[in-house]
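Colleague: Got a predicted structure plus its sequence, pasted below:
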Amino acid sequence: MSKERTRTGKPRQSEGVRAFKRGLDVLQEVNRSGGIRAGDVARALDLPRPTVYRLLETLEELGYVARSASDDRFRVTRLALSLGDGYDPGVVICQAAAPYLAELSKTLVWPVDLSTYENAAMVVQETTHSRSPLSIDRGMIGKRLPMLRTSAGRAYLAACPARERDLIISHLRRIDEADDRPFLDQGRLDQMIAETQARGYAIRSEGEYNPKTASIAVPIVRNDAVYGCISIIWIRSALGIEEAVKQFAAQLQETARAIPVEV
């Protein structure tokens, strides 16, 4: 029996082949985005939302994507990564930390972020901003945070090995952003690193980066490697730094220790 053909003479794709191609397109879009909602996938690929939802559910059942525990975004899993380069630390720590951030958000009403280091900045990989009634900035996924003017960046710099820290600082000096210059003063930088290491957490409380907010961050460290940082952000006028430390620091540190990281 001859196959049904299109007007150009090419064999017509079966419904199964078309569905398979759509599934691959959806997986590729999720991978490209780094984290995306089903509706955004549908718009990007010009596919009906019900179709995209079905395909994402199938990919999730097969283990190739996972829905965030703290928002509705889908991300590729380590199984999907094994089809390519096989390892993306941002994806790995995001999958491991997301349930812990969701649990943390039940007791800490202020928004919590998970960020990882990437090319002279901390990049937000996971967040509870969308679920926090006190958030003033909900579009945080993928946002790049400066190393010297945020608690996440400071926590990372204080916790990473000295050689890595020196390389990052050298990179920041070459970039030479005007807002970073006061914080690159060697004496001020050394003091920040020493104080952060002594405390075990980093703070941003003087209006740096965002004058309306303050934050505390703790690193996720295993065998001297920093996998990311957990930060909590609040409105400065609502809470002083001393009270914030009492309320948040221990819980953030406990969560950072509990996150299962493969080493």
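Modeller: Nice, thanks for sending it over.
Colleague: any idea which element the most centrally placed residue in the chain lies in?
Modeller: Centroid-nearest residue in the chain: residue 125, 0.8 Å away (criterion: CA atoms, centre = their mean). Using DSSP states H and E, residue 125 sits in strand 121-127.
Colleague: low pLDDT regions in the stretch 51-200 of the chain?
Modeller: 69-71, 78, 80-92, 129-140 (pLDDT under 70).
Colleague: just the helices in it please.
Modeller: 78-81, 89-107, 151-159, 162-175, 186-199 (DSSP state H, counting those that start in this stretch).
Colleague: got the angle for the second one vs strand 121-127?
Modeller: Going by axes from the mean of the first three to the mean of the last three CA atoms, to 10 degrees, helix 89-107 is angled at 50 degrees with respect to strand 121-127.
Colleague: helices or strands next to helix 89-107 in the packing?
Modeller: If you count contacts as 3 or more CB pairs under 8 Å, 6 or more residues apart in numbering; DSSP states H and E, helix 89-107 packs onto strand 74-76, helix 78-81, strand 112-117, strand 121-127, strand 225-235, helix 250-258. Any C-beta I mention is one placed from the backbone N, CA and C, and that applies to glycine too.
Colleague: could you redo the last one with a cut-off of 6 Å?
Modeller: Packed against helix 89-107, as judged by 3 or more CB pairs under 6 Å, 6 or more residues apart in numbering; DSSP states H and E, are the following elements: strand 112-117, strand 121-127.
Colleague: Tell me which of those strands lies nearest to residue 251.
Modeller: Proximity to residue 251 (CB to CB) singles out strand 112-117 among the helices and strands packed on helix 89-107, at 9.7 Å.
Colleague: CA atoms only for that closest one - export them in CSV, please.
Modeller: The C-alpha trace of strand 112-117 is given here as CSV (Å, rounded to 0.1, in the frame of the first residue of the first chain):
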residue,chain,number,x,y,z
VAL,A,112,13.0,33.8,49.0
ASP,A,113,15.3,33.3,46.0
LEU,A,114,17.8,30.7,44.9
SER,A,115,20.6,32.0,42.8
THR,A,116,23.8,30.5,41.2
TYR,A,117,27.0,32.1,40.0
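Colleague: That one: which residues count as buried?
Modeller: 112, 113, 114, 115, 116, 117 (16 or more other CB atoms under 10 Å).
Colleague: could those residues go into TSV alongside distance to residue 147?
Modeller: Shown next, in TSV, are these (distance: CB to CB, whole Å):
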residue	distance to residue 147
112	19
113	15
114	16
115	11
116	12
117	8
